[in-house]
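Chemist: Build me a model:
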Amino acid sequence: MAKLYFRYGAMNCGKSTALLQVAFNYEERGMKTLILKPSTDTKGNDMVISRIGTSRKVDMLCSPETDLFKELKQLSGVSCVLVDEAQFLEVAQVDQLFNAATQLDIPIICYGLRTDFQTKVFPGASRLLQIAHSLEELKTICRCGNKAILNARKVGGVFTFDGKQVAIDGEQAVSYESLCGSCYTKLVGPVSNQ
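Modeler: From the prediction side, this is the model:
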């Protein structure tokens, strides 16, 4: 039986790079992959872009209305589905991916963030954490050398705790830095669920 996987981590931990490597491994063995990402992620438009400079066009750019189970059911010969920026999926789409893995017997590997810059879980990531067969944390380091677990947002180079949940890296002077809990509270402020 195929499984739904969620590989998550703070920004700069290599999620997109890992996705591209998995696609390469499958394809090197003559197997077909399907790469998709939510249209919410406007960085690179229809491309998966790794910070180390590799990129690839996605096979499917999904809007929030896309029924992923229905789309995957129509395909044949797909050995693995790879999802970039999975935190932007709708909750229903995560359920559809689970159903595709279990009913269509297609392994589905999702890569994404667990939480936003305010330490709040993304709805798509929350559902993946609830129902994925396998969870794997991809790790990166903070500026202090400790394991980074949080994503801090900067606007114009200044840390901020204000704003909408989704602001794409590189657009409108927005950037992100992966931080450990200690550096996050020192640089951004105390964590709060408010």
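Chemist: So what pairs up with the most centrally placed residue in the chain in the strands?
Modeler: By C-alpha atoms, centre = their mean, the chain has its centre lying nearest to Gly112, at 1.8 Å. Assessed by DSSP bridges, Gly112 has beta-bridge partners Tyr8.
Chemist: thought it was touching Met11?
Modeler: No: Gly112 is beyond contact range of Met11, at 10.6 Å (criterion: C-beta atoms under 8 Å). Placement of C-beta: from N, CA and C, glycine included.
Chemist: sorry, back to before: now do the same contact list for the residue nearest to the centre of the chain.
Modeler: 6, 8, 15, 83-88, 122, 124-125, 128 (C-beta atoms under 8 Å, 6 or more residues apart in numbering).
Chemist: let's go with 7 Å and repeat that
Modeler: 8, 15, 85-87, 125 (C-beta atoms under 7 Å, 6 or more residues apart in numbering).
Chemist: hang on, isn't Leu97 packed against Leu4?
Modeler: Yes: at 5.8 Å, Leu97 counts as touching Leu4 under the criterion of C-beta atoms under 7 Å.
Chemist: Common neighbours of the two, please.
Modeler: Ile108.
Chemist: Could you chop this protein up by domain?
Modeler: For the chain, automatic domain parsing gives the domain ranges 4-137, 150-187.
Chemist: The helix or strand that contains Phe6 - what's its average pLDDT?
Modeler: Secondary-structure assignment from DSSP states H and E places Phe6 in strand 4-8. Averaging pLDDT along strand 4-8 yields 98.
Chemist: how far does that strand sit from the chain's center?
Modeler: 9 Å (C-alpha atoms, centre = their mean, to the nearest Å).
Chemist: Packing partners of it?
Modeler: helix 91-104, strand 108-112, helix 123-131, strand 134-137 (3 or more C-beta pairs under 7 Å, 6 or more residues apart in numbering; DSSP states H and E).
Chemist: and the second one with helix 123-131, angle?
Modeler: Read that as strand 108-112. Interaxial angle, strand 108-112 versus helix 123-131 (axes from the mean of the first three to the mean of the last three C-alpha atoms, to 10 degrees): 130 degrees.
Chemist: This completes my enquiry, with thanks.
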